[in-house]
Every structure is written in C-alpha cells, then in structure tokens.
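**Q** got a sequence here, can you build the structure:
(4 chains)
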Protein chains: 2
Amino acid sequence: MQNHRLDVPTLVRALKKNRASSIERRPTAKDVAKLAGVSISAVSRTFTAGASVSTGTREKVLAATRSLGYRPNALARSLMTKRTELIAIISNNFDNPLFMEVFNLFTQCLQQRGRRPLLANLSGGARTDAALDMLLKYSVDGVIVASSTLPLRFVEECARAGLPVVQAFGRPKSASSGNIVGADNFQGGLLAGEVLRQRGYRSVAFLGGPRDATSTVDRLQGLKRSLTGTDTELCGQVYGHSYCHEAGFTLMKRLLQGGGFDAVFCGDDVLAMGALDACREVGARVPLDVGVLGFNDMAMAAWPAYNLTTIRQPVADIIMMAVELLLGLIEESEEIAGLRLFKCRAVERGTLRRA
Amino acid sequence: MQNHRLDVPTLVRALKKNRASSIERRPTAKDVAKLAGVSISAVSRTFTAGASVSTGTREKVLAATRSLGYRPNALARSLMTKRTELIAIISNNFDNPLFMEVFNLFTQCLQQRGRRPLLANLSGGARTDAALDMLLKYSVDGVIVASSTLPLRFVEECARAGLPVVQAFGRPKSASSGNIVGADNFQGGLLAGEVLRQRGYRSVAFLGGPRDATSTVDRLQGLKRSLTGTDTELCGQVYGHSYCHEAGFTLMKRLLQGGGFDAVFCGDDVLAMGALDACREVGARVPLDVGVLGFNDMAMAAWPAYNLTTIRQPVADIIMMAVELLLGLIEESEEIAGLRLFKCRAVERGTLRRA
DNA sequence: TGACTGCTTGCAAGCGCTTGCAATATCCTG
DNA sequence: CAGGATATTGCAAGCGCTTGCAAGCAGTCA
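**A** The predicted model follows:
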C-alpha cells in the first residue's frame, strides 16, 4: 500500500501518459527501429527512394513496419527535405458546374503523382491574403490558381514569395508575367464567328460574363476579328456580373426586347442555358428565330433539355499540362514563364441551324 | 590568391549555400529572435494564444516579424502540438453538381474556423487504402467523408486508426458505429409520398440510384411507408448504377414503355432531370400524363428548362453540423457517436400537378 | 528590509524525421 | 589471400518549432 503517496497531479499525469501510450500514440521510426533491431537511419532509408539499404535490413524494417502499422510522418520529413508534396488549389468558381469537372481532374491528376491538394476557397469574399498566409504557413510546394477571374495581385504575391505558381483557365489582364495554361479563347471566339457565319447567321449578339474577365474579353475579340470584312455583323454586346444562369436569362430577355439579331454567342454554357430559357419563355424559337452558341461544353450542355451547340475547351488537356508544368517548375525552379494555350473546337448540337 | 585551394565540392556547396540564403530561404523564428533581440521562445510565445509574453517583447517580435515577412511554420509546430489543423475531405461524388455546393460550403466553413481542407478524391477507382495512407502520413486532425456511397470499411478503418471522422450525406449500410450527419432520407421519402398523394397521383414508380446506397434505400422505405394503407400504390422500382443523368434518362424510358404509373419519385434531382428529358423525348406530358418528383433541390432544379418539384435537403445545415461535430470530436476526443438527421421539405415547382 | 507572490524569460530537451560523415562490412580481382 | 573498391550502417547534428523548468525580476505586505 503505497498508493496513497501519489498526489493527484501525478495520478492525472500517469493516467494521461497511459492513455497516450496505450490508445493514442502512433508508432514512429524509433519504434520500428527497435523492433527490427536496426538504427533509425535504416528505417528512414528504407522509405527513401534511392537510399542505400541492403535487402536484408529492408526486409526487417518492412516486417516491423507491417506489424506495428507504421507510417512515416510526412510533415516531419518535410522539415528536412524542404518538400511537402502539398499543392494548393485556389479557386473562386464554386458555382460553375464546369469546375466540378475541373476539381475532379486536378485532384485525380495530383494524387496519381503523389501530391496532395490543399484547397483554398476564395469565393464569397474570403480574403486573398489569408489564403497566401496559409500557403506559406503550410509550406506548399506549389500553387495552382484555377479561375478566370482571380486578381492578378494574388498570383504576383505568390511569385514574390517564391512559390511556383501556374494559373489555369484565364489569364491576368496584363499578361506580363507568370505561367498560364488555358484555352485559346481568342481562337475560340474566332471559331465561334466562323461557325455562326457558316450557318448563315448575319447579325450576332455577344452575351458575356464579367466585363473584365479576360476569358470574356478574348472570346469577344476573336469573334470580332472573325466577323470583320464579312457580311455578318456584331450587333450588340451585354455583360453579366458573373457566369451564372440568372445573368444569361435576364440579359437575353433584354436582348430579345431590343431585337435586331439572329444569333447570340454566349461566353459560357451556363449563360447560354440561361439564354435558352429566356428564349423559351418569350417564345423565340431556337434555332429558327435565333441561334444560341455556348462555350465550354460542360456535361449538361449535352442534356436534351438544352442540347447546346458550343465551343469546347479541352479541360483535361489544360489540367494535365498545368500539373505537368507546375511540377516541372518545382523540380527545376527555373522560370519558364509563358502562355500555353489549347485550341478549342466546335461541338455541334441543336441550338444552331445546320450549315 | 588562395582560391585555388578550394576543391570543387566545397565550391559547389558554397554556391548552393549562397543561393539558398540569398534567394530562397524564408525567415525562421531564429531570424526574428535575433532581429528583435529576444529568445526564440519569446517569438514562439508571441504566436501562441495564451502564452506568457509581456507587451514589450511582443511588440518587438511583431515588428521584426513584419520587417522580415516571417510566418510561423505550421508543420514544424504540429510536430510538438500534435495538431495540424488539417481536415481531410473524402468524396467520390465529383460528377454530381450538388457537390459543388457541398465543397463550397465545407471549405468555407473550415476556413472560417482556421482549418485547412485536404482533398481526397475517391472517384474513378482510386484505392481507399491510398487515401487512408495519406491521411495518416499527413496527420490530419480529422476526416469528413462527404458521400452517400463510400464503403463502410473506409470509415471503420479511419476510426480504428484513431482518426476522428464524421460522415456527411448518407450513412453506412449497417448503421452500427460512427458519427453521421445527413438528411432524414426516410422522412424525405415519407414527405414525397404525401406530396404525391395530395396531388392525386395513384400509381407511383420509384427511380433510384445505386441499389445499395442507403440514401436510395431510405428514401424508398419512406415512400413505401407513406403509401401503405392509402389508395396510392407503389408500382415498380428501378435502380441506376449511379446518380447520373444518363441513368435517369434510360431508366425512365424503360418505365414509360412499361406504363401503368402516373408519377415517378426520383432519388436524386439529376436522375429526375434525366427522367424529364426522357418524357420530353417520348412525348409524355409533365405533369399532365406523368408527375416527376426529385430529391435534393440543387441549383439547376430551379432553372426553367426543368422547373423541378423536389424534396430539399438542408445542405448548409448538414455541413455546418458536420464541421461542428468533427471539431468537437477532435477537442474532446470523446466518442459521441450517433445519427444527426435533418428534416427535408418539399419545394413546389412545375413537375407535379397542383393539389 | 526581507520573505513571498506572480510574471516573464531563456535554456535545453525534444517532436519525428533526414543526411553527411566516418567506420565497418562485403565484394572483386589478380 | 591480400588489397582496393564499393556498399551498408550507425552516429550525431539538425530541420523549425514548443514547452517544462528554474532563474530573474518586479511588486506586495508585514
């Protein structure tokens, strides 16, 4: 009976310790080393590609690893290696169904390459400096900015902080610096113009997203260029506050009230769907009275309710290239700044009349 | 001239060191301490809530911090604190537009509480053990499983590994263990039955998602219960391989060929939209010939092209509760296992006839 | 004045891992 | 089998941070 000699704090500590060791504590390299009868270094080296370990010790270590359920602590490792394998994905497009596809592909692509996506949501007025703060605190290896409308400043700040960053989908207004991969929106606009002309449309209206989004601007420029010197004219352009259905719907109603056009080129499929719904409501027949052309080719564009003719941007190619490029930047840490643009192609469906 | 005494390796090392210090190296607590004329501990304590620092030293530290652009390294910190503030979000629903909203809310909610969402994409045949591996290697504080169809095994494995985990949207088939928050799918099904009866429908077909998804099962059970003992009968049930448009479309066509029903309750809005498109194609008038009722109330359900009457699940409530609960679990580390279900409500639109 | 209290502060150990270095083991070749 | 080349191994230092502890330092009260 010497139990009564233990005071309360000591007891509490003992209990905690016990709980920690019996229930909680995850095995460390030290535990594995002890069980395997080797040094901690040996354990570390078995889990480091290209390190020098004999098959004998490797086997012993692996056996101990299995029996303890050990997993190397990636965070502790990063302290020495200066690599976390964490990649930040920054976006503010959480309302566009296309980005479901974008996130899906990005995360899958990163996972396949052994990287972990850390998400930063910049929609709904979240501060960009808070996002930057987290990137730095968590030592991400690189940053992917997936958005057409994120402020140039953010990308610049990342770069200044020495973070490799590539921007996917859309480019900053002053295309000065940075690595950008996206669709060739100008060429897409060009293509849109050609398609519309071929189908015999002669007065095209443009229904775009935010006036200052480069995606919108470039697509319009392409369209303009493609129509200059032809018998088809650009006759009006309207802009929405964002790429949303409601904007497409109200803007299209406004256009239809004005009249004087036989087709509308929308800067985004969601806008186009809004526009189609507006046509339906007003009783304008598509594609007889008015042709509607979208942009992106998101999954829903193919659904029969819309059956939208659209300009497809090669989302998968863009994403794979963006990841490739970012990992390259991280590896070499050389600035290979530049634009990488993928060609768009037209997807024929039911909202333009046949050629 | 003693340069020639430096051998090549030494030179290389010197160069590297130089590059590292001049270009790359981010300031550490040590740098701040030196500049501020205090100890490293003082720096640490300045950034630790509740630690004992005089306002004098705190000011000095903060000044040095600003002038160097210092950010505490969250990963190094986690080594001692055993907290990373990383929360894993696991999902395999990257094809359902509803989950755009889900991700948006989850990430915002976590960010607001100072946590970082680490994403694991389990769609497209990614191995669940690889996901678990990453959770453990990166020492996430907790796990949110956002899916209705993820294998129970995964949740169990997390729990066994000592990871606090809550499952949002849908529950494992054997509801034995774990923390689950979601919509009350049974009540939703009940409600669906009532709504359909009130509207005078007498023969209801059920068009569900995967046969073994509990969301599907529960909704059907609710529907059945609600119809028993009434003059409305359940007359047929079909299941899709997933909650996708194509499944809804083909299943509905099959149902329409068979005939013998005047309304269909779909286990998901996307299925319902597929069903509506099938009706349109076949020429079945909605809601005259056949009523269509969805589930979820995703944004697109309100778009005029579908204008879908549906059962709404309170996504935002579920997500806030899930986060709340998870953070609680992490804090207390007590198992407060249980189901937390939110009531669904009906959203009246145009695909059911009026009462 | 001196003992006592309550804050601050720096020291040093340590979180779980990597890695340069030197010692040791292993393998070849003649 | 000697002798050199190559491979493997453990030691110890260190990554950037936190934290228990004891020393230092006012301030308080008798």
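**Q** quick one: the helices in the stretch 201-350 of chain A?
**A** With DSSP state H, counting those that start in this stretch as the criterion, the stretch 201-350 of chain A has helices at A:214-227, A:245-258, A:269-282, A:315-332.
**Q** looking at the ones you listed, which is closest to DNA strand C?
**A** Counting by C-beta to the nearest atom of the strand, DNA strand C lies closest to helix A:315-332 out of these; the figure is 14.8 Å. Backbone N, C-alpha and C define where each C-beta goes, glycine included.
**Q** chain center to the closest one, what's the gap?
**A** 12 Å (C-alpha atoms, centre = their mean, to the nearest Å).
**Q** CA atoms only for it - export them in PDB, please.
**A** Once non-C-alpha atoms are left out, helix A:315-332 reads as follows in PDB (Å, rounded to 0.1, in the frame of the first residue of the first chain):
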ATOM      1  CA  VAL A 315     -10.400  20.900 -69.900                       C
ATOM      2  CA  ALA A 316      -8.500  17.600 -69.400                       C
ATOM      3  CA  ASP A 317      -5.500  18.700 -71.600                       C
ATOM      4  CA  ILE A 318      -5.300  22.000 -69.800                       C
ATOM      5  CA  ILE A 319      -5.300  20.500 -66.400                       C
ATOM      6  CA  MET A 320      -2.700  17.800 -67.200                       C
ATOM      7  CA  MET A 321      -0.500  20.500 -68.700                       C
ATOM      8  CA  ALA A 322      -0.900  22.700 -65.700                       C
ATOM      9  CA  VAL A 323       0.100  20.000 -63.300                       C
ATOM     10  CA  GLU A 324       3.000  18.900 -65.500                       C
ATOM     11  CA  LEU A 325       4.200  22.500 -65.700                       C
ATOM     12  CA  LEU A 326       3.900  23.100 -62.000                       C
ATOM     13  CA  LEU A 327       5.800  20.000 -61.100                       C
ATOM     14  CA  GLY A 328       8.400  21.000 -63.600                       C
ATOM     15  CA  LEU A 329       8.700  24.400 -62.000                       C
ATOM     16  CA  ILE A 330       9.100  22.900 -58.600                       C
ATOM     17  CA  GLU A 331      11.800  20.500 -59.800                       C
ATOM     18  CA  GLU A 332      13.900  22.900 -61.800                       C
END
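**Q** who touches residue A:260 in this structure?
**A** Residue A:260 makes contact with A:203, A:235-236 under the criterion C-beta atoms under 8 Å, 6 or more residues apart in numbering or on different chains.
**Q** could you single out the nearest of those residues to chain B?
**A** Using C-beta to the nearest C-beta, residue A:236 comes nearest to chain B of these, at 23.1 Å.
**Q** how near is that closest one to residue B:60?
**A** Distance, residue A:236 to residue B:60, using C-beta to C-beta, to the nearest Å: 62 Å.
**Q** who has more neighbours, the two?
**A** residue B:60 (21 against 17; other C-beta atoms under 10 Å in any protein chain shown).
**Q** the more buried one and residue B:39 touch, don't they?
**A** No - using C-beta atoms under 8 Å as the test, residue B:60 is too far from residue B:39 to be in contact (11.4 Å).
**Q** can you list the low-confidence ranges for the stretch 1-150 of chain A?
**A** Applying pLDDT under 70 to the stretch 1-150 of chain A picks out residues A:1-24.
**Q** which residues of it lie near DNA strand D?
**A** A:38-42, A:45, A:52-54, A:56-57, A:76, A:79-80 (C-beta under 7 Å from any atom of the strand).
**Q** can you do 10 Å?
**A** Neighbours of DNA strand D within the stretch 1-150 of chain A, by C-beta under 10 Å from any atom of the strand: A:9, A:13, A:33, A:36-46, A:51-61, A:75-82, A:137, A:139.
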